[in-house]
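# here's my sequence, what's the structure:
(one chain, ligands or ions: 2)
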Amino acid sequence: YIMTDGNKINLAGLTLSGLTCLFEDLGEKPFRASQVMKWIHQRGVTDINLMSDISKVLRERLHEIGEIRLPDVRDEFFSTDGSRKWIVEVASGSRVEMVYIPEEGRGTLCISSQAGCSLDCTFCATGKQGFDSTLSVAEIIGQLWWANKKLGNYEQPGNHPVSNVVMMGMGEPLLNFDNVIDSVNIMMEDIAYGLSKRKVTISTSGVVPAINKMIGLTEASLAISLHAPNDGLRNQIMPINRKYPIAELLQSVKSYMASLSDNRVPLIEYTLIKGVNDHRQHARDLSELLASLPSKINLIPFNTFELSDYERPSNASVSNFREILRKAGHTVTVRTTRADDIGAACGQLVGDVSDQTSRSIRHQRRMSKVNEKVKLTGKLATAAESM
Ligand code: SAH
Ligand code: SF4
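Numbering: from 1, shown residues only. Ligands and ions are numbered 1, 2, ... in the order given. Got it, this is the predicted structure:
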């Protein structure tokens, strides 16, 4: 467990094993850990005094050494489609966003792992803001805690509005490795949120050593942001590819999937950007690339935002792309755009990040150049196709 400011331990950021160590250190029985865990995560309680099955003496001791501190929710937006977006303030003062998307039979919460992102993918609003800080466990798990609170789960136990959590908000989860792993493990912990490991998904742009490191530490599901079928194009739109090229990435994904105790396949995310990666030849190349990797492909039509010249492809071109993959035997879904009216669709999340890299300024200058170059590559593919 980790000491926080003022040397008080934030109990909301401890996993079951962290809490168990804490109580052992206090000379208490390990089952105290599950009592506290239930109070915080199943009942939404932040006042140690309300933990009625814990003796007064022990509660006083807990007060001295610890506290339950969750991030503040600063704002709330309602989409006409029923989605909701909350703005969460983290310790650095930056604000991150999370989105709740209700659907028939399930509710998905999309949460953030960092304020900003250092990876600079050309099509992502979060990336353009630069990077400020990584979120603590309490700030990550606090998003699920708040969603449960706001959606009335703690008042009506048994009602589980959030059935799925995806780490597809702001930031690269695997660059905040320890905190993300602890957080997903709390989400899947029976006496905390009890979410199924199939329904907790870490989405990554492909931090290969971190994917390898996940083996044995968690059984969460994995989504890979691929977005291009070859290294040339992926290098241009996702700078991380220059460090960890596609072949290495797919190899690490295979190893992780093989390490799981059940049969699961990774989700391959592919954002379709008009004239950049949406050509029929790209679909054929993608199909070939994934031929030996059992997976589900999720196509995401590009969502526009300020500062980007990229465009969303037509519905017809999205369907063509999907059909090429389908006919080749792949399982393909197209992500429906949700919460666009409150700026909460994939890739639109920005919050309020104080950039520590001055990227946001550099970006505005560089964007037009990058887009020109990428569009040109797209055109070359089109030209090759018509030959
Ligand atoms: N950093 C992680 C998770 C956050 S992004 C990752 O990159 O996987 C969640 C998904 O939204 C990723 O697949 C990302 O590539 C995609 N995305 C980013 N910007 C987008 C945009 N403008 N339109 C559509 N999808 C976008
Ligand atoms: Fe970061 Fe993911 Fe956005 Fe890339 S797509 S800049 S990795 S948040």
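# need the residues of the stretch 251-387 of the chain near ligand 1, please.
Counting by C-beta under 6 Å from any ligand atom, the stretch 251-387 of the chain comes close to ligand 1 at 269, 271, 300, 302, 303, 346, 347. Using the backbone N, CA and C atoms, a C-beta is placed for each residue, glycine as well.
# you'd agree residue 174 is up against residue 202?
Yes: using C-beta atoms under 8 Å, residue 174 is in contact with residue 202, at 7.1 Å.
# now for those two: what residues contact both?
Counting by C-beta atoms under 8 Å, 6 or more residues apart in numbering, the contacts common to residue 174 and residue 202 are 180, 214.
# for whichever residue of the chain sits closest to ligand 2, phi and psi?
Closest residue of the chain to ligand 2, C-beta to the nearest ligand atom: residue 127 (2.7 Å). The phi/psi pair for residue 127 (degrees, to the nearest 10) reads phi -60, psi -40.
# and it, what does it touch?
By C-beta under 8 Å, 6+ apart, the contact set of residue 127 is 117, 119, 120, 121.
# ok, now with 6 Å
117, 120, 121 (C-beta atoms under 6 Å, 6 or more residues apart in numbering).
# about what we covered before: show me which of the residues of the stretch 251-387 of the chain next to ligand 1 is closest to residue 353.
Closest approach to residue 353 among these (C-beta to C-beta): residue 347, at 15.0 Å.
# right, and that closest one touches residue 303 too?
Yes: at 5.1 Å, residue 347 and residue 303 qualify as touching, with contact defined as C-beta atoms under 6 Å.
# these two: who's more crowded?
residue 303 (23 against 20; other C-beta atoms under 10 Å).
# so the more buried one, which of the three states?
Using DSSP: H, G, I helix; E, B strand; the rest coil, the structure places residue 303 in coil.
# who's in contact with the nearest residue to it once chain neighbours are set aside?
Excluding its sequence neighbours, the residue lying closest to residue 303 (C-beta to C-beta, 6 or more residues apart in numbering) is residue 345, at 4.2 Å. Contacts for residue 345 (C-beta under 6 Å, 6+ apart) come out as 303, 337, 339.
# show me what contacts the first one?
In this case it means residue 303. Residue 303 neighbours (C-beta under 6 Å, 6+ apart): 345, 346, 347, 348.
# what number of residues are in the vicinity of the residue lying closest to residue 80 once chain neighbours are set aside?
With C-beta to C-beta, 6+ apart as the criterion, residue 80 has its nearest non-adjacent residue at 5.9 Å, and that residue is residue 341. Close neighbours of residue 341, defined as other C-beta under 10 Å, add up to 14.
# okay but residue 341 is in contact with residue 78, surely?
No: under the criterion of C-beta under 6 Å, residue 341 makes no contact with residue 78, lying 9.4 Å away.
# where does the stretch 1-150 of the chain dip in pLDDT?
1-6 (pLDDT under 70).
# just the CA atoms of stretch 278-296, as PDB, please.
Output of stretch 278-296 as PDB, limited to C-alpha atoms (Å, rounded to 0.1, in the frame of the first residue of the first chain):
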ATOM      1  CA  ASP A 278      -9.800   3.500 -45.500                       C
ATOM      2  CA  HIS A 279      -9.000   2.200 -49.000                       C
ATOM      3  CA  ARG A 280     -10.100  -1.300 -50.100                       C
ATOM      4  CA  GLN A 281      -6.500  -2.300 -50.400                       C
ATOM      5  CA  HIS A 282      -6.000  -1.400 -46.700                       C
ATOM      6  CA  ALA A 283      -8.900  -3.700 -45.800                       C
ATOM      7  CA  ARG A 284      -7.300  -6.600 -47.800                       C
ATOM      8  CA  ASP A 285      -3.900  -6.000 -46.200                       C
ATOM      9  CA  LEU A 286      -5.500  -5.900 -42.800                       C
ATOM     10  CA  SER A 287      -7.300  -9.100 -43.500                       C
ATOM     11  CA  GLU A 288      -4.100 -10.800 -44.400                       C
ATOM     12  CA  LEU A 289      -2.200  -9.300 -41.500                       C
ATOM     13  CA  LEU A 290      -4.800 -10.700 -39.000                       C
ATOM     14  CA  ALA A 291      -5.200 -14.100 -40.800                       C
ATOM     15  CA  SER A 292      -3.200 -15.900 -38.100                       C
ATOM     16  CA  LEU A 293      -4.600 -13.900 -35.100                       C
ATOM     17  CA  PRO A 294      -8.100 -14.900 -34.000                       C
ATOM     18  CA  SER A 295      -9.600 -11.500 -33.100                       C
ATOM     19  CA  LYS A 296     -12.600  -9.300 -33.400                       C
END
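# please consider this matter closed, and thank you.
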